[in-house]
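Enquirer: what's the 3D shape of this:
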Amino acid sequence: MMNIKPDRIEARISSPHATLREMDIEVAWEAVSSEWEQLLDHYVRRARLDGFRRGKAPRHMVKRLFFKEIREDLLESLLPKAVNEVLRRENIKALTTPMVSDILFHEGESLRFRARVEVLPEFRLPEYKKIRAKKKEVKVEDREVNESLEQLRQKSAEYLPVEGRGVAEGDYVLLEWKAKDAATQRRMPTERMLVLAGHPENEKGLNENVLGMRPQETRRFSISYPPDHPNKKFAGRTLENEITLISIKEKKVPEMSDEWAKDLGDFENLDSLREKIQKELERSKREVARQEMADEIVETIAGGLALELPKSLVEQEAMSIVKNWVSGAKDPVTEEQLENLSKQARIQAEKRIKKSLILQKIAAEERLEVTEEEVDEEIRDLAQRNNVPLAQFADRVNRDGKREDLKAALLIRKAIDFLLENAVLYEVPA
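Expert: Next up, the predicted model:
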């Protein structure tokens, strides 16, 4: 089907509120009839009616029999074209799929309907230069470097098979676990599980019984779970357990030495590894400090700005926040907790969106831009920080359509840099 000529579409635009545009659209009968005739031709060619060969049925008969279907196809074709033309012509950037209503269609008359879309609010920024904010000092303590080194050392640990002794606290043990309900004697499926002996999150009865066990040894014990136990599968039940030890592995942590540092990567010795960690911690702290100062400045700007936000955008961001919270929760989330999380997420979503809109507006006001070379440099930096080959990382970014997201993030970063460069940073006396 052909596009509608722009001069065949009229539209009256209204704004019931800052984030909504209503468009009363009228498509001239000349454009409607052209589309109608093309659809009717299509139905005539495909129609099979008694007494007529395919494609030879009279047009008036096909029209009468398939009027409803042709009308639906007409509206399905014309409405999006008309709306998109009005959005383009009026430079309206829709956030949501247009909602169409009040459709009026009669042969020989213009097609009339109403379309609604959510949009970003238009607003004027208050003064955003020379804003006062607390200067955040960046300092890395020796203790923090040592803690990072110790974490690396723990991650380098090997788990070696143990012989000649029983399970000790800190061992990883492979168990075969059988259980049955003490009240019903109903057996649960046999499971194999890897357990860190003595871990505080283990059931007390498990920790007490697994210590000292030797391979192929079996022990039996009961655990009674309270009615409010977070795992509803066990809540209020008493389980009779039988565990059989299959194997024990002992954690062996390497000595913090030059050889260990060399094994971790391109480090000459332990001092060069320590220096790398120092720089990484400084970089991380600088970014946190920078973000905190930027947040303080943006909050000051936002405080002088009445900004209505699109409901759909807030709901979408809030849902994303809740999803991240729930997926990271250790225990199942109750309905009451979910309701509270949703309220908190909405507040956080509004803050995030308002911050993003302010920074985008500043970037536009100051004509900040991101070049393709800067995007390539960011890709190289991210590949290096994540220890991923550059070609592989760049291919993933381009394949997943993330290049524009990176470009948008860099533009926001430039807006933050601009604010910090033009802010009045003051030090807080110790």
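
Enquirer: can you give me the strands for the stretch 201-350 of the chain?
Expert: 218-224, 238-252 (DSSP state E, counting those that start in this stretch).

Enquirer: adding mean neighbour count and distance to residue 122, write the ones you listed out as TSV.
Expert: Using the backbone N, CA and C atoms, a C-beta is placed for each residue, glycine as well. Conversion of the strands of the stretch 201-350 of the chain to TSV gives the following (neighbours: other C-beta atoms under 10 Å; distance: least, C-beta to C-beta, whole Å):
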stretch	mean neighbour count	distance to residue 122
strand 218-224	13	62
strand 238-252	16	60
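
Enquirer: adding mean pLDDT and distance to residue 331, write those strands out as JSON lines.
Expert: Shown next, in JSON lines, are the strands of the stretch 201-350 of the chain (pLDDT from 0 to 100; distance: least, C-beta to C-beta, whole Å):
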{"stretch": "strand 218-224", "mean pLDDT": "92", "distance to residue 331": "18"}
{"stretch": "strand 238-252", "mean pLDDT": "92", "distance to residue 331": "19"}
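
Enquirer: nearest to residue 8, out of these?
Expert: For these, the distance to residue 8 is smallest for strand 238-252, at 74.3 Å, taking C-beta to C-beta.

Enquirer: adjacent strands (with direction) for that closest one?
Expert: Strand pairing for strand 238-252, using DSSP bridges, gives strand 158-161 (antiparallel), strand 172-181 (antiparallel), strand 218-224 (antiparallel).

Enquirer: can you pull the contacts of the residue nearest the centre of the chain?
Expert: In the chain, the residue lying closest to the centroid (C-alpha atoms, centre = their mean) is residue 320, at 5.6 Å. Applying C-beta atoms under 8 Å, 6 or more residues apart in numbering to residue 320 gives the contacts residue 349.

Enquirer: nearest to residue 271, out of the strands of the stretch 201-350 of the chain?
Expert: strand 238-252 (24.4 Å).

Enquirer: next one: the closest one to chain centre, how far?
Expert: Distance of strand 238-252 from its chain centroid, counting by C-alpha atoms, centre = their mean, to the nearest Å, is 38 Å.

Enquirer: go on, stretch 277-285?
Expert: On C-alpha atoms, centre = their mean, the centre of stretch 277-285 falls 26 Å from that of its chain.

Enquirer: got the contact list for the helix or strand of the chain with the lowest mean pLDDT?
Expert: Across the helices and strands of the chain, the lowest-confidence element by mean pLDDT, DSSP states H and E is helix 59-65, at a mean of 82. With contact meaning C-beta under 8 Å, 6+ apart, helix 59-65 is reached by 40, 43, 44, 47, 49, 70.

Enquirer: buried residues, it. List them.
Expert: Residues of helix 59-65 classed as buried: 62, 63 (neighbour count, 16 or more other C-beta atoms under 10 Å).

Enquirer: do stretch 311-327 as well
Expert: Those would be 313, 314, 317, 318, 321, 322, 325, for stretch 311-327 by 16+ other C-beta under 10 Å.

Enquirer: dump these to a markdown table, plus distance to residue 301 and pLDDT.
Expert: As requested, the buried residues of stretch 311-327 are exported to a markdown table (distance: C-beta to C-beta, whole Å; pLDDT from 0 to 100):
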| residue | distance to residue 301 | pLDDT |
| --- | --- | --- |
| 313 | 19 | 89 |
| 314 | 19 | 91 |
| 317 | 19 | 91 |
| 318 | 22 | 91 |
| 321 | 22 | 91 |
| 322 | 27 | 90 |
| 325 | 27 | 86 |
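
Enquirer: from these, which ones fall inside helices?
Expert: Taking DSSP state H, the ones among the buried residues of stretch 311-327 that sit in helices are 313, 314, 317, 318, 321, 322, 325.

Enquirer: which one of these is nearest residue 110?
Expert: residue 313 (33.8 Å).

Enquirer: surely the closest one touches residue 121?
Expert: No. Judged on C-beta atoms under 8 Å, residue 313 makes no contact with residue 121 at a distance of 10.2 Å.

Enquirer: how many other residues sit next to the nearest residue to residue 134 once chain neighbours are set aside?
Expert: Leaving out its chain neighbours, the residue that sits closest to residue 134 by C-beta to C-beta, 6 or more residues apart in numbering is residue 428, at 5.7 Å. Number of residues near residue 428 (other C-beta atoms under 10 Å) recorded here: 8.

Enquirer: dig out what residue 173 forms beta bridges with.
Expert: Assessed by DSSP bridges, residue 173 has beta-bridge partners residue 195, residue 248.
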